[in-house]
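A.B. asks: I need the structure of the sequence given here:
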Amino acid sequence: MIIPGLAGCKRQNSFVVPPAPKVTVATPTAKQITRYLEATGNAAALNSVDLFARIQGTLQAISYTDGSAVKTGDVLFTIEPPPYQTKLQQAQAAEAGARAQLVDAEANYNRQLSLQKNAVASVQSLDDARAQRDNMQASLSQAQANTQLAAITFSYTRVLAPFDGLVSAHLVSVGELVGTQPTQLATIVQIQPIYVTFNISEQDLQGIRVEMARRGLRREDLGRVPLEVGLQTETGFPHAGHLDYAAPTVNPATGTLAVRGVLKNADRALLPGNYVRVRVPLEQNVDALLVPDTALGRDQGGSYVLVVGGDDVVAQRGVSIGPLDGTMRVIEHGLAPADRVVIDGLQRAVPGQKVATDSTARTASADSSPEPSPGASPEPSLGASPGAAR
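C.D. replies: Below you'll find the model as predicted:
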């Protein structure tokens, strides 16, 4: 019969367990790091002054280009000098006349003094000569004060730069009458060096104090505490400076302390008003464990990583995270040096399920290829391969 032969060729259906999903794992990178206090703040001019006309007159000259850099003492504006120069000359002439009258009065007094000693002149004549001399001395002092006042007023005809800085666009034009009321001419700002202001919490303040104590620094040595600054559009913190001021009291409304740093700003990269990132080194050469920032997950419970146990079963591990170090994230608590962390294939790693692990060497930036290469080397550290982050 044909039918029994055909029946013998039929296969039996059986369930085949699918292979465990593949993930790439690596142990955390052990590295010494520097712990930083990080904050955000603003750049502020070291000095900023509005220039006003201090005398009344016609603006005769503007001696700078709008927005240009000027030096201390440079003439910026000239306000109608002739009337004030004439008043100075009048005061100088009056001073010369008073000085001549004093010379005459002094001579008369000496003459009367000699006559009185020889009993030729009366005591009254000597007293009159003395009074006239003293009156002429007072007149000369008044004339000298008037000369000084006229010289000061004359100096106001030239508006000078009070410090090195950049001058804004002029707010008045040549030929315009100024000084009849307070007239602002321009604004000058000093941005070399430049301030950076920010606020820190009471806890951060204690951290700075601990670091200063470790280094043997006092409050007066605040200027020896380094400061690093970066603009929002810059990578890292390329601008270096130091702290120079901390408020004497904590703001009770916010629980923060106002702190200020100063930077040379030689290239004028920072401008007053810039929003900046700030960091202050607190501890150096601190042992830490790091994983790629891309290996971290976040949920309502906080940050976590996926780790693979000795039985190749995935588990979710809550961790406390620290700052970034390049593309690596510092793990404060929650990981051990020997833990195998899933750094690639996170979407295939489900807590409680078994996975097939691959420990192909990875760069510290955790750049992943679609699939790990076969024949991988033994399980590496995250930072073991060339090109690891600093």
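A.B. asks: longest strand in this protein, by residue count?
C.D. replies: strand 29-53 (DSSP state E).
A.B. asks: Past it, which element shows up next along the chain?
C.D. replies: Tracing the chain past strand 29-53, the next element assigned as helix or strand by DSSP states H and E is strand 57-62.
A.B. asks: which residues in the stretch 1-150 of the chain form helices?
C.D. replies: Here the stretch 1-150 of the chain has its helices, by DSSP state H, counting those that start in this stretch, at 2-8, 81-117, 123-155.
A.B. asks: Make CSV from those and add mean pLDDT, distance to A356 and mean neighbour count to it.
C.D. replies: In this view, the C-beta of every residue, glycine as well, is placed from N, C-alpha and C. Shown next, in CSV, are the helices of the stretch 1-150 of the chain (pLDDT from 0 to 100; distance: least, CB to CB, whole Å; neighbours: other CB atoms under 10 Å):
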stretch, mean pLDDT, distance to A356, mean neighbour count
helix 2-8, 52, 38, 7
helix 81-117, 89, 90, 16
helix 123-155, 90, 86, 16
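A.B. asks: any chance of those helices in CSV, with distance to T29 too?
C.D. replies: Below are the helices of the stretch 1-150 of the chain laid out as CSV (distance: least, CB to CB, whole Å):
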stretch, distance to T29
helix 2-8, 61
helix 81-117, 72
helix 123-155, 67
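A.B. asks: Figure out which of the ones you listed is closest to S63.
C.D. replies: helix 81-117 (13.2 Å; CB to CB).
A.B. asks: Can you find the helix or strand in this structure with the smallest mean pLDDT?
C.D. replies: Least confident helix or strand, the chain: helix 2-8 with a mean of 52, by mean pLDDT, DSSP states H and E.
A.B. asks: Nearest approach to I208 belongs to which of the helices of the stretch 1-150 of the chain?
C.D. replies: helix 123-155 (46.2 Å).
A.B. asks: what angle sits between that closest one and helix 81-117?
C.D. replies: 160 degrees (axes from the mean of the first three to the mean of the last three CA atoms, to 10 degrees).
A.B. asks: Can you tell me the strand partners of the very next helix or strand once past helix 123-155 and which way each runs?
C.D. replies: Sequence-wise, the next helix or strand downstream of helix 123-155 (DSSP H and E) is strand 158-160. Here strand 158-160 is paired, per DSSP bridges, with strand 75-79 (antiparallel).
A.B. asks: From the chain's centroid, how far away is the strand it pairs with?
C.D. replies: Centroid separation between strand 75-79 and its chain, computed with CA atoms, centre = their mean, to the nearest Å, is 33 Å.
A.B. asks: relative to strand 29-53, how tilted is it?
C.D. replies: Interaxial angle, strand 75-79 versus strand 29-53 (the same axes, to 10 degrees): 20 degrees.
A.B. asks: any low-confidence regions in this structure?
C.D. replies: 1-12, 15, 121, 359-390 (pLDDT under 70).
A.B. asks: could you redo the last one with a cut-off of 50?
C.D. replies: For the chain, applying pLDDT under 50 flags the ranges 1, 361-390.
A.B. asks: Name all residues that make contact with the residue most central in space within it.
C.D. replies: Note on the chain: the residue nearest the mean C-alpha position is V196, at 2.4 Å, using CA atoms, centre = their mean. For V196, the contact set (CB atoms under 8 Å, 6 or more residues apart in numbering) comprises 41-44, 227, 229, 241, 260-263, 270, 276, 278.
A.B. asks: Give me the number of neighbouring residues for the closest residue to R329 other than its chain neighbours.
C.D. replies: Nearest-residue entry for R329: D293, 4.3 Å, with adjacent residues in sequence omitted and distances by CB to CB, 6 or more residues apart in numbering. Residues near D293, counting by other CB atoms under 10 Å, number 16.
A.B. asks: List the residues that contact D293.
C.D. replies: L324, T327, M328, R329, A366.
A.B. asks: Compare the residues you listed and tell me which is most surrounded.
C.D. replies: M328 leads these on contacts (other CB under 10 Å) with 28 neighbours.
A.B. asks: gap between that one and S320?
C.D. replies: Separation of M328 from S320 (CB to CB, to the nearest Å): 15 Å.
A.B. asks: just V17 next, same as before
C.D. replies: Applying CB to CB, the value for V17 to S320 is 38 Å.
A.B. asks: before we move on, what about G223?
C.D. replies: In terms of CB to CB, G223 sits 34 Å off from S320.
A.B. asks: and what of F163?
C.D. replies: Distance from F163 to S320, by CB to CB: 48 Å.
A.B. asks: I figured A61 hits T78, correct?
C.D. replies: Yes. Contact criterion CB atoms under 8 Å: A61 and T78 qualify, at 4.1 Å.
A.B. asks: Mark which of the contacts of D293 are part of strands, please.
C.D. replies: Short answer: the contacts of D293 in strands (DSSP E) are L324, M328, R329.
A.B. asks: List just the nearest of those residues to M212.
C.D. replies: Of these, the one sitting nearest to M212 (CB to CB) turns out to be L324, at 25.2 Å.
A.B. asks: partners of that closest one in the sheet?
C.D. replies: Under DSSP bridges, the beta-bridge partners of L324 are R329.
A.B. asks: now G230
C.D. replies: Bridge pairing for G230 - DSSP bridges - gives R277.
A.B. asks: that older thread, out of the contacts of V196, grab the one that's most surrounded.
C.D. replies: G261 (29 neighbours).
A.B. asks: who are the neighbours in contact with that one?
C.D. replies: G261 touches Y195, V196, F198, L227, V229, G241, H242, L243, D244, V278, counting by CB under 8 Å, 6+ apart.
A.B. asks: could you check the distance from it over to R215?
C.D. replies: 17 Å.
A.B. asks: V17 now?
C.D. replies: Distance of V17 to R215, computed by CB to CB: 61 Å.
A.B. asks: What of I55?
C.D. replies: The value you get for I55 to R215, if CB to CB is used, is 53 Å.
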